[in-house]
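Chemist: What follows is a predicted structure for the sequence shown.
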Amino acid sequence: MLRGIRKASSNWLGKTIMSVVMGVLILSFAAWGIADVFKGYGQSTLARIGSTEISTDQFRQLYTDKLQQIGRQFGRPLTSEQARAFGLDRQVLQQVVAEAALDEDARRKGLGVADAEVMRQIVNDPNFKGATGTFDAPRFQQLIRSLGYTEQRYIAEQRKVSLRRQIAGTVTAGLEPPKTLIEALSRFQNETRAIEYVKIDAAQAGTIEAPSPEALAAYFEDHKTQFRAPEFRKVAFVAMTPDEMAKWSVVTDDDAKKVFEERKDRLATPEHRQLSQIVFPTAAEAQAGRAKLNDTFSFADLAKERNLTLSDIDLGMVTKAGIIDPAVANVAFSLAPDGISQPITGRFGITLIKVGKIEPGNTPSYDSVAVALKRDLALERARAAIADQHNKMEDERGGGSNVVDAAKKLGLNSVTVEAVDRSGRTPDGQPVTGIPAGSDIVSKAFASDVGVDNDAMQIGGGYVWFDVLGVTPSRDRALEEVKDQVAARWRDDQISTRLRGKAVEMAKKLEGGGKLADEATAAGLKVETTTPFKRDASVPNLSASIVEAVFRGTKDAAGQGQGATGAEWIVYRVTDVTAPPVDMASDEVKKLKETLLRGQTDEQVAQYVTRIESQIGTKINEDAVALATGATNNANN
C-alpha cells in the first residue's frame, strides 16, 4: 500500500488529490482509529457501530459519490485502483464509521435540532448564495443534485451535521493553545537574518580548454542516459465540443427573438424583497404572537421576546424563487411594503413573515441580450448535434475506421501530431499546440498503442477521439548526433566544479576568522548585503537552499552553496540574527493561535470518537469493504 501511495503521488494528479483529501474528509485516517475489525458475518452488512448498521450498498454509494466528487473537481474520473493507491477507500471508511458513531452518540444523548434552525443554516450557507448575495433556490437545487442529494436527503444530512457539531463543540469547549507554544512558533516564523555575500560566477572559473576527443567520449559514456532520445508517438485526434460545433451554427434574429419571448421571464431580473421571519412550533403560539403586534410592539420586539436576534430572523433581500418554502414565498410576495402576514403553515413550522424594502424586477430588451442569446442558442444546437455526431462517429469506429478516416467521412476536422514525447514536446523541443484543454491526449496516447481502439474522452460537454498511428522507440544516441550538447554539458560541469572548489576554499577562510571583504577584494568580487529576511522568504540572487542553510547557522557563521545555476556559487556570512518580540494581540499571532486551536480541536474530537467507538462497539466487515471498493474484483483479475 505504501509503495502504491508513493507511486500514485509522483504525478501532478496524485499530488493534487493527496493535498485535498483532508479537505474532503472530516478527519484523518490516523486520527479516528478503529475499535475492532472482523470478517465473515454476511456481505450485506459492511459495518456495525452500536445499533447502527451500514450496508455494503450504502457504503458503495457513498464511496462512489466521493470518487465522483473528486473526479468533477479535477475534470477526469478517478479509477478504483487510483483511489485505493491514494488510500481513499480507508479514508472514506473511517469518515463513515466516525459519523455513524457521532450520530449514535447524539441519539443516546437525546440531542435534536429544530426544523427552523436547519432551514436557517441552509439559507445562510454562502455556497447557496447567488449573484445578489442572497439565497438562490435554483443554485441550491443544482448544487445538491450535483453531489447526489435530493432536497429531503440533504436536509436530513444537515440535521446530522448540526448534531455532530454540537457534540464537537461541547467536547472542545475551553481548549486553548499553550502560550509557550504560540510564542515559540511565532519566534520561529518571524525570526529574521541578514547576510553579506559574494557571487562567484563563470568569469572566475578561468579558461576551460576544449576537451580531448578521448575525454569527451569518456564523459559521454558516463552520462549517456542524459542524451538518450525519448520515445515519440504519432497521434491523430478529432475534437467535437460545443464551442467547436457552435461555429457551424448561424442563429438568425427570427430564431433568437422567438427564444427571447419564450425565456423572457428567465432573462428578467426578478423582484427582490427584504424579508424577516419568525418560526413558531405551534399555530396557537404563532396566532398569539401575531395578535401582539401593534404600533408599540413591533416584529423586532416579538423576536426579542422569543430570544431571537435580528440575524436569526433576517432573510435578507431575496427573490420569490430564493425561498425554499413555497407557502411562505407565495404569501411574502403578495404583501405590501412593511406588511406582516398572518400565520403560515410551512414546511418547517408555523411562520410569520414581514416585508421591508421592495426592489421591483425588470425585463431586458431583445437588443440588450441578442448577442448572448444567439451564442447560447448556438451552443444548445451544438450540443444536440454532438449527440448525433457522437453516435455516427462511434458507428464508424465500430466498423474499423481510424479517427482520420472516420472524420473525413463525417466531414469533421482531424488533427495529426507527427511526433510527440511524454512531456508533450515535439522533436525540436517545442510544446505541441492545438490539443484540447483537459483532454490529456498525450498521456493517454502513451498508455495506449498502435491499433488499440481507444474510448472517446468526454470534455466540456463534448468528446475527443484519438488513435496512436505510430511509435518511435526511445534509443541511445551516438556521440556524433549530440556532440555539441555533450561538449556544452562537459564545459558546464567543469565550470561548476571549479566554482565549487573556490567557494569551499573561501568559506573555510571565513570560518578561520578571515574577512569576507578581504577575500572579495583578493578575488575581484563585490560584497553584497541583504535586508533582514524570514526563513520562508524568496530573496533575490539567493537560492532556497542558501536561505535554508543561513537559518541553520548562528551569527557570524559562514557557508557556501550553489546559486541559481551550476555556473554560480554563493559564499556568505550571517551578519544579523533577530527574534522579534511576540505581540499576542497581533493579527498574525491570532491566526497562528486559530491554526493551533484547529489542530487541538481535531485531535480532541478524534480521541472522543475513538472512545465512543470503543464503548458502543464498532465492527468492520473487511470482505464487504473489498467488495464495495472493487478490491475483490481487482484481486480476482
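Modeler: Arrived safely, thanks for sending. Numbering: from 1, shown residues only.

Chemist: Show me where the stretch 151-300 of the chain has its helices.
Modeler: Applying DSSP state H, counting those that start in this stretch to the stretch 151-300 of the chain gives helices spanning 151-171, 179-190, 213-222, 242-246, 253-262, 264-267, 283-292, 299-305.

Chemist: Take those helices and lay them out in CSV including mean pLDDT.
Modeler: Output for those, formatted as CSV (pLDDT from 0 to 100):
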stretch, mean pLDDT
helix 151-171, 88
helix 179-190, 91
helix 213-222, 94
helix 242-246, 66
helix 253-262, 83
helix 264-267, 76
helix 283-292, 93
helix 299-305, 92
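
Chemist: Among the ones you listed, which comes closest to Arg489?
Modeler: Proximity to Arg489 (CB to CB) singles out helix 213-222 among the helices of the stretch 151-300 of the chain, at 7.8 Å. (C-beta placed from N, C-alpha, C; glycine too.)

Chemist: quick one: contacts of the closest one?
Modeler: Residues outside helix 213-222 that contact it (CB atoms under 8 Å, 6 or more residues apart in numbering): Pro211, Phe227, Leu479, Val482, Lys483, Val486, Ala487, Arg489, Trp490, Asp493.

Chemist: Please name the residues that touch the first one.
Modeler: Same thing as Pro211. When contacts are counted by CB under 8 Å, 6+ apart, Pro211 touches Tyr219, Ala487, Trp490, Arg491.

Chemist: Apply 7 Å and report the result again.
Modeler: Residues in contact with Pro211 (CB atoms under 7 Å, 6 or more residues apart in numbering) are Tyr219, Ala487, Trp490.

Chemist: Ok, the second one next?
Modeler: Residues in contact with Phe227 (CB under 7 Å, 6+ apart) are Arg477, Val482, Gln485, Val486.

Chemist: So what's the gap between the helix or strand hosting Arg375 and the chain middle?
Modeler: Using DSSP states H and E, Arg375 maps to helix 366-398. In terms of CA atoms, centre = their mean, to the nearest Å, the centre of helix 366-398 is found 30 Å from the chain centre.

Chemist: tilt between it and helix 253-262?
Modeler: If you take axes from the mean of the first three to the mean of the last three CA atoms, to 10 degrees, helix 366-398 sits at 110 degrees to helix 253-262.

Chemist: Could you name the helices and strands sitting against helix 366-398?
Modeler: On a contact count with 3 or more CB pairs under 7 Å, 6 or more residues apart in numbering; DSSP states H and E, helix 366-398 meets strand 232-240, helix 242-246, helix 253-262, helix 403-410, strand 462-472.

Chemist: Return the set of buried residues in the fourth one.
Modeler: Along helix 403-410, the positions that meet the burial threshold by neighbour count (16 or more other CB atoms under 10 Å) are Val403, Val404, Asp405, Ala406, Ala407, Leu410.

Chemist: Using CSV, lay out those together with pLDDT.
Modeler: Shown next, in CSV, are these (pLDDT from 0 to 100):
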residue, pLDDT
Val403, 91
Val404, 92
Asp405, 92
Ala406, 92
Ala407, 90
Leu410, 88
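
Chemist: of these, closest to His390?
Modeler: Among those, Leu410 lies closest to His390 (CB to CB), at 10.5 Å.

Chemist: Kindly tell me how buried the closest residue to the closest one other than its chain neighbours is, as a neighbour count.
Modeler: In this structure, Leu410 finds its nearest non-sequential neighbour in Lys392, 5.7 Å apart by CB to CB, 6 or more residues apart in numbering. The burial count assigned to Lys392 is 13, neighbours taken as other CB atoms under 10 Å.

Chemist: what do you get for Lys354?
Modeler: Counted with other CB under 10 Å, Lys354 comes out at 23.

Chemist: Repeat that for the one 3 residues further on.
Modeler: The number of residues packed near Lys357 is 11, by other CB under 10 Å.

Chemist: Got the confidence number for it?
Modeler: Per-residue pLDDT puts Lys357 at 92.

Chemist: Enumerate every residue touching the nearest residue to it once chain neighbours are set aside.
Modeler: Excluding the flanking residues, the one nearest Lys357 by CB to CB, 6+ apart is Gln274, at 4.4 Å. By CB under 7 Å, 6+ apart, Gln274 lies in contact with Met317, Gly356, Lys357.

Chemist: what's the distance between Gln274 and Asp367?
Modeler: According to CB to CB, to the nearest Å, Gln274 stands 32 Å off from Asp367.

Chemist: Out of the helices of the stretch 151-300 of the chain, flag the one nearest Asp125.
Modeler: Between the helices of the stretch 151-300 of the chain, helix 151-171 lies closest to Asp125; by CB to CB that is 8.8 Å.

Chemist: Show me what that closest one is in contact with.
Modeler: Outside helix 151-171, the residues that touch it by CB under 7 Å, 6+ apart are 99, 102-103, 105-106, 111, 113, 117-118, 121-122, 144, 604-605, 608.

Chemist: Next step: the residues you listed restricted to helices.
Modeler: Here DSSP state H is the test, and the contacts of helix 151-171 give 99, 102-103, 105-106, 117-118, 121-122, 144, 604-605, 608 as lying in helices.

Chemist: picking up where we left off before, possible to save the contacts of Gln274 as CSV with distance to Thr345?
Modeler: Listed next are the contacts of Gln274 as CSV, based on distance: CB to CB, whole Å:
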residue, distance to Thr345
Met317, 25
Gly356, 23
Lys357, 26
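
Chemist: Switch these over to JSON lines; also include secondary structure and distance to Leu67.
Modeler: Putting the contacts of Gln274 into JSON lines (DSSP: H, G, I helix; E, B strand; the rest coil; distance: CB to CB, whole Å) gives the following:
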{"residue": "Met317", "secondary structure": "strand", "distance to Leu67": "39"}
{"residue": "Gly356", "secondary structure": "strand", "distance to Leu67": "45"}
{"residue": "Lys357", "secondary structure": "strand", "distance to Leu67": "46"}
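
Chemist: Would you mind listing the buried residues in the helix or strand hosting Glu613?
Modeler: If you go by DSSP H and E, Glu613 is part of helix 587-616. Buried residues in helix 587-616, defined by neighbour count with 16+ other CB under 10 Å: 589, 592-593, 596, 601-602, 605-606, 608-610, 612-613, 616.

Chemist: And stretch 272-292, by the same measure?
Modeler: Within stretch 272-292, the residues that qualify as buried are His272, Arg273, Gln274, Leu275, Ser276, Gln277, Ile278, Val279, Phe280, Ala286, Gly289, Arg290, counting by 16+ other CB under 10 Å.

Chemist: Give me the pLDDT value at the nearest residue to the fourth one once chain neighbours are set aside.
Modeler: With CB to CB, 6+ apart as the measure, Leu315 is the residue that lies nearest to Leu275, at 4.3 Å, once sequence neighbours are left out. The predicted structure scores Leu315 at 86 on the pLDDT scale.

Chemist: residue contacts, Leu315?
Modeler: Leu315 touches Val123, Leu275, Ser276, Gln277, counting by CB under 7 Å, 6+ apart.

Chemist: before we move on, what about Ile54?
Modeler: Counting by CB under 7 Å, 6+ apart, Ile54 makes contact with Leu46, Ala47, Val96, Ala100.

Chemist: Distance of the last one relative to Arg159?
Modeler: Ala100 is 15 Å from Arg159, where distance means CB to CB.

Chemist: cool, Asp57 as well?
Modeler: Separation of Asp57 from Arg159 (CB to CB): 23 Å.

Chemist: Also Phe333?
Modeler: For Phe333, the distance to Arg159 - CB to CB - is 28 Å.

Chemist: Ser474 too?
Modeler: When distance is defined by CB to CB, Ser474 is 58 Å away from Arg159.

Chemist: Going by how many neighbours each has, rank those two and give me the top one.
Modeler: Between Ser474 and Arg159, counting by other CB under 10 Å, Arg159 is the more crowded of the two (18 against 12).

Chemist: okay, the contacts of Leu315 in a markdown table with pLDDT and distance to Leu510 next?
Modeler: What follows is the contacts of Leu315, written out as a markdown table (pLDDT from 0 to 100; distance: CB to CB, whole Å):
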| residue | pLDDT | distance to Leu510 |
| --- | --- | --- |
| Val123 | 85 | 66 |
| Leu275 | 92 | 73 |
| Ser276 | 92 | 73 |
| Gln277 | 91 | 74 |
